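Visitor: below: sequence and its predicted model.
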Amino acid sequence: MTTAEHIADRSYRLERLIRDSPYLRVIRAVSASLMGIALIVGLSACSPIRNRLMTPDPPVKEQQRASALYFRDEYQPNVEKVRFTQDGDRPGLGASWCVNAVATIEGADYYVIIGPDSGPGFVGGTGEPPEAPTPAPHLPLTLVYSDGTSEVIE
């Protein structure tokens, strides 16, 4: 056997020994477990880290007002009333702030999820409201905040 054949044979044996080694299986299992733990810790740490790094959201009332005005200005200029059914928050994983509300449009109530930076989501069995005439004048908008106070925006 030549030196090259001898070296090739030894490297083949070493490779086979490593591949079939029970230690390698343990190392793979441990590394997979550690990666899973790191992923879980990383995802669950988003909230505490975000709270330290990001500026806090404005007060709930300001966010609700901004959401209603954005909804009126960008999507439904003939909305008459917006009643917020909860305080609103960020649902997580980088989502923008949103809130559940009941929007009264042409006398009918529509359940919506709105935010100051996002388009509306219509939920419930009410469907989507009719399209507003173009250009639609802004009607007085009544806001009923989640804390029970109200305001009329002309």
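Guide: Yep, it's here. Residues are numbered from 1 along each chain as shown.

Visitor: what ranges do the helices span in the protein?
Guide: 3-19, 22-44, 46-53, 60-74 (DSSP state H).

Visitor: low-confidence regions, the chain specifically.
Guide: Along the chain, segments meeting pLDDT under 70 span 1, 17-21, 42-56, 93, 125, 133-136.

Visitor: and with 90 instead?
Guide: Residues of the chain meeting the criterion pLDDT under 90: 1-32, 34, 36-59, 73-79, 88-97, 105-108, 117-140, 154.

Visitor: state the distance from K81 to E128.
Guide: Applying CB to CB, to the nearest Å, the value for K81 to E128 is 17 Å. Just so you know, the C-beta spots here come from the backbone N, C-alpha and C atoms, and that holds for glycine as well.

Visitor: with neighbour numbers in mind, choose between the two.
Guide: Each of K81 and E128 has its neighbours counted (other CB atoms under 10 Å); K81 has more, 19 against 11.

Visitor: dump the residue contacts of that one.
Guide: 103-104, 141-144 (CB atoms under 8 Å, 6 or more residues apart in numbering).

Visitor: one more time with 10 Å
Guide: By CB atoms under 10 Å, 6 or more residues apart in numbering, the contact list for K81 reads 68, 101-105, 109, 139-144, 150, 152.

Visitor: tell me the bridge partners for it.
Guide: With DSSP bridges as the criterion, K81 is bridged to T104, T142.

Visitor: how much space between it and R10?
Guide: Counting by CB to CB, the gap from K81 to R10 is 83 Å.
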